[in-house]
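Novice: here is a sequence together with a model predicted from it:
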Amino acid sequence: MKMDKEPSATPFAKGKVAQAFGNLLHVRFEGPIRQGEVAHVRVNGAQLLSEVIEIVGDEAKVQVFEDTRGIKFGTPVQFTGHLLEAELGPGLLSTVFDGLQNPLEKVADATGTFLERGIYLPPLDREKKWDFTPLAQVGDVLKRGDPLGWVPEGRFRHLIMVPFSYFGKIEIVSIAKPGAYTIETVIAEGKDGRGSVVPFKMLQRWPIKNALIEGKKTRPSRRMDTGLRILDTQFPVLKGGTFCSPGPFGAGKTVMQHHLSKYSDVDIVVIVACGERAGEVVEVLRTFPQLVDPHTNESLMKRTIIMCNTSSMPVAARESSVYMGAAIAEYYRQMGLDVLLLADSTSRWAQAMREMSGRLEEIPGDEAFPAYLASRISSFYERAGVVRLAGDKEGSLTIGGSISPAGGNFEEPVTQATLAIVGAFHGLSRARSDARRYPAVDPLISWTKYLKQVGIELDDQFPSWEAKVLNASLILQKGDEIGKRMEVVGEEGVALEDMILYLKADLYEFCYLQQNAFDAEDAYCPLPRQIETFRMIQTIFGSRFSLDSHDEARSFFLGLQNAIKNLNFIPFRSERYMQEIALIQEQINTKKKA
């Protein structure tokens with residue numbers, strides 16, 4: 001993405017600014033250019049990165065990814081001949097980038113606390129040497145994505161692959177011996193169909209708006225463990241699937257995404273803060289190095305890549321940060337790894353699109369969003385999926401986006417366009433967050449398309465899992481209806497049977513669907529513990545109790561609630577845990593009808 005030579009030394013097109021509307025420039029140009037081409041706008045000694053988004057005759061409309069102060073009529077523009085690209089290679093993990101893949105820590109070292117515009121540093125370290133182990137041999141015929149060798153990156157084997165920008169068969173004519181090399185060292189050479197020798201390095205580039213995929217895309221089939229009971233049980237997600245988490249401000253979207261990034265059982269997590277508030281991003285940067293991955297007992301940052309494009313940064317870069325995160329996530333998927341991409345929030349990305357669409361004077365769609373909003377959102381989520389690679393390996397990319405609909409209105413265009421494409425909907429509710437019911441996912445409006453597959457996967461551990469979960473959903477719905485009736489006529493106005501059903505639903509919500517993120521035991525609930533607790537809940541659902549009055553029913557279920565809730569805070573399968581289980585079972589049996 002970054003240029004190694006001065007733009008003036010290139011034979012590509014040049015132009016001059018004719019008009020400026022905020023970060024949208026109209027540039028009169030000479031020479032060949034193309035849609036999506038990167039250009040540099042020279043102003044006050046700086047070269048501002050920009051992208052061609054529309055071409056009309058000899059005039060190009062260019063969006064600038066930086067502050068445009070100082071740009072005026074006649075400001076020179078140099079086109080580069082290439083698209084906006086990501087640098088791919090060893091060294092991406094544990095790094096914090098901006099939306100243009102600038103390594104922010106190095107930029108801060110170079111410029112100080114306040115980042116200057118026009119500063120673009122190489123995303124990957126050119127000096128560091130990596131221990132290369134060859135896998136390919138001279139004479140092998142390979143294609144794009146096939147491994148040439150590997151280097152250790154943390155606990156992963158980072159595969160050095162034939163560049164994805166190379167199409168066609170290639171015969172390896174030389175391969176480096178095991179040793180330490182920089183990412184710009186030629187580690188292999190191949191002969192193409194025309195007899196030309198092509199050099200290969202550890203470093204490769206890929207246009208971020210094009211999906212990076214080589215292999216056969218298959219249907220997702222493995223559940224993604226998150227440690228959140230309401231998601232893993234009621235609204236699960238599969239590895240390679242898609243989900244969204246819309247909700248009003250303050251309902252806990254960002255906290256839930258932080259939980260997913262900490263506890264999801266994936267290999268790599270890519271966090272894209274596309275327009276998120278700076279304070280929330282700073283919290284991630286401060287806490288993640290201190291947090292331990294429960295699956296590997298290593299620092300969470302060792303498996304994390306952060307694309308940091310906060311609400312205080314130029315809006316045009318929000319779009320690039322989303323696609324940059326997707327390209328890097330796809331790159332690791334091609335190594336046979338499970339990757340989770342979290343975008344927070346896609347609403348602010350959509351707002352940036354609306355702003356640019358208005359400046360382009362396009363015909364607006366619903367609520368002034370561009371008419372192609374649904375298409376852009378779909379193309380982003382469609383980059384998720386499971387890819388079958390050579391050697392029966394599989395890599396997956398799971399994409400989850402949070403949405404911040406104005407006023408919590410789920411009927412607005414961004415939410416509706418997202419719901420049409422995702423496989424799971426985790427709707428957060430203001431009423432639940434106000435009542436301190438966290439996570440504030442509303443079980444009455446949320447849904448998932450993956451429950452059947454999860455049921456098949458868990459059938460040996462819990463037969464009829466899907467049917468049991470659907471039964472729990474039905475009890476929640478009936479309990480909600482009874483609760484609304486009780487608000488009007490009081491407890492005595494409903495039948496005792498209905499009151500008991502309401503109390504069962506309330507127990508399920510209070511003891512199982514709610515979780516305490518500040519408790520060491522309850523913050524992350526592993527699957528065996530979820531199954532054991534859910535089995536106990538199902539016993540309560542299926543039992544008929546000998547209760548003679550509304551007061552007795554409430555008293556009995558409140559006692560049961562407290563006992564099961566306290567169980568969540570006790571170490572799993574400890575001596576005290578087993579004692580409490582026995583006491584709860586005894587408590588159930590005292591009122592259970594034969």
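Specialist: Looks like it arrived, so ask away.
Novice: so what's residue 46 closest to, chain neighbours aside?
Specialist: Once flanking residues are discounted, residue 46 sits nearest to residue 118: 2.9 Å by CB to CB, 6 or more residues apart in numbering. To be clear about C-beta, it is placed using only N, CA and C from the backbone, and glycine gets the same treatment.
Novice: list the residues that contact the one you found.
Specialist: Residues in contact with residue 118 (CB atoms under 8 Å, 6 or more residues apart in numbering) are 43, 45, 46, 47, 48, 66.
Novice: residue 195: which of those is nearest?
Specialist: residue 47 (38.6 Å; CB to CB).
Novice: for that closest one, the count of nearby residues, please.
Specialist: 21 (other CB atoms under 10 Å).
Novice: just confirm it is within a strand.
Specialist: Yes - with DSSP: H, G, I helix; E, B strand; the rest coil as the criterion, residue 47 is located in a strand.
Novice: wait, residue 228 sits on residue 523?
Specialist: No - Residue 228 is not in contact with residue 523 according to CB atoms under 8 Å; the separation is 9.5 Å.
Novice: okay, the two: which has more neighbours?
Specialist: The neighbour count for residue 228 versus residue 523, taken as other CB under 10 Å, is higher for residue 228 (25 against 16).
Novice: quick one: residues contacting the more buried one.
Specialist: 256, 259, 260, 263, 439, 515, 525.
Novice: strands of the stretch 401-550 of the chain, start to end?
Specialist: 424-425, 447-448 (DSSP state E, counting those that start in this stretch).
Novice: pLDDT below threshold where in the protein?
Specialist: Judged by pLDDT under 70, the chain has its weakly predicted residues at 1-10, 277-279, 311-312, 594.
Novice: where does the residue most central in space within the chain sit: helix, strand or coil?
Specialist: Closest to where the C-alpha atoms of the chain average out (CA atoms, centre = their mean) is residue 342, at 1.7 Å. Assigned by three-state DSSP, the conformation of residue 342 is strand.
Novice: that one bridge partners, please.
Specialist: For residue 342, the beta-bridge partners are residue 271, residue 400 (DSSP bridges).
Novice: that one and residue 262, how far apart?
Specialist: As defined by CB to CB, to the nearest Å, residue 342 lies at a distance of 11 Å from residue 262.
Novice: so what's the residue count around the nearest residue to residue 67 once chain neighbours are set aside?
Specialist: Excluding its sequence neighbours, the residue lying closest to residue 67 (CB to CB, 6+ apart) is residue 117, at 5.3 Å. If you count neighbours by other CB under 10 Å, residue 117 ends up with 19.
Novice: I figured residue 117 hits residue 48, correct?
Specialist: Yes - the pair residue 117 / residue 48 is scored as a contact, 6.4 Å apart, by CB under 8 Å.
Novice: where do the contact lists of these two overlap?
Specialist: Among the neighbours of residue 117, those also in contact with residue 48 (CB under 8 Å, 6+ apart) are residue 66.
Novice: which one of the contacts of residue 228 sits closest to residue 32?
Specialist: residue 260 (44.7 Å).
Novice: list the contacts of stretch 292-304.
Specialist: With CB under 8 Å, 6+ apart as the criterion, stretch 292-304 contacts 93-94, 154-155, 227, 261-263, 265, 267-271, 288-291, 524.
Novice: out of those, list just those in helices.
Specialist: 261, 262, 263 (DSSP state H).
Novice: got the contact list for the first one?
Specialist: Spelled out, it's residue 261. Counted by CB under 8 Å, 6+ apart, residue 261 has contacts 269, 271, 284, 300, 304, 340, 342.
Novice: what does the helix ranked longest in the chain contact?
Specialist: The residue-count maximum for a helix in the chain (DSSP H) belongs to helix 465-489. Contact with helix 465-489 is made by 233-234, 443-444, 451-452, 454-455, 458-459, 462, 493-494, 498-499, 501-502, 504-506, 508-509, 534, 537-538, 541, as judged by CB under 8 Å, 6+ apart.
Novice: make a ChimeraX selection of whichever of these turn out to be buried.
Specialist: In ChimeraX, a selection of the buried entries from the contacts of helix 465-489 looks like this (16 or more other CB atoms under 10 Å):
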select :233,234,443,451,454,455,458,462,494,498,499,501,502,504,505,506,508,509,534,537,538,541
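Novice: wasn't residue 395 part of a helix?
Specialist: No - under three-state DSSP, residue 395 falls outside any helix and is assigned strand.
Novice: what's around it, how many residues?
Specialist: Neighbour tally, residue 395, other CB under 10 Å: 24.
Novice: show me what contacts the closest residue to it other than its chain neighbours?
Specialist: In space, residue 395 comes closest to residue 333 once its chain neighbours are excluded; the distance is 3.9 Å by CB to CB, 6+ apart. Contact analysis of residue 333 by CB under 8 Å, 6+ apart lists 339, 387, 395, 396, 397.
Novice: hang on, residue 414 packs against residue 377?
Specialist: Yes - look at residue 414 against residue 377 with CB under 8 Å: they come within range, at 7.3 Å.
Novice: in stretch 344-363, what's buried?
Specialist: 344-358.
Novice: same question, stretch 467-485
Specialist: For stretch 467-485, by 16+ other CB under 10 Å, it's 468, 469, 472, 473, 475, 476, 479, 480, 482.
Novice: from residue 446, how far off is the fourth one?
Specialist: This points to residue 473. 10 Å.
Novice: what do these two both touch?
Specialist: In contact with both residue 473 and residue 446: residue 234, using CB under 8 Å, 6+ apart.
Novice: pull out the buried residues from the contacts of stretch 292-304.
Specialist: Of the contacts of stretch 292-304, these count as buried by 16+ other CB under 10 Å: 93-94, 227, 261-263, 265, 267-271, 288, 291, 524.
Novice: check contacts around residue 117.
Specialist: 46, 48, 66, 67.
Novice: mind redoing it with 10 Å?
Specialist: Taking CB atoms under 10 Å, 6 or more residues apart in numbering as the criterion, residue 117 is in contact with 43-44, 46-49, 64-70, 111, 314.
Novice: same deal with residue 387?
Specialist: Per CB under 10 Å, 6+ apart, neighbours of residue 387: 145, 213-218, 240, 330, 333-334, 336, 393-397.
Novice: go on, residue 365?
Specialist: Neighbours of residue 365 in contact, by CB under 10 Å, 6+ apart: 354, 357, 371, 372, 373, 374, 413, 417.
Novice: mind checking how far it is from residue 395?
Specialist: 35 Å.
Novice: overlap of the contact sets of residue 342 and residue 262?
Specialist: Going by CB under 10 Å, 6+ apart, residues that sit against residue 342 and also against residue 262 are residue 269.
Novice: kindly list the main-chain dihedrals of the residue lying farthest from the centre of the chain?
Specialist: What lies farthest from the middle of the chain is residue 548; by CA atoms, centre = their mean that is 50.8 Å. Dihedral pair for residue 548: phi -100, psi -20, per degrees, to the nearest 10.
Novice: what does residue 79 give?
Specialist: phi -80, psi 150.
Novice: now do the one 3 residues further on
Specialist: The phi and psi torsions at residue 82 (degrees, to the nearest 10) take the values phi -130, psi 160.
Novice: hang on, isn't residue 55 packed against residue 37?
Specialist: Yes - applying CB atoms under 10 Å, one finds residue 55 in contact with residue 37, separated by 9.2 Å.
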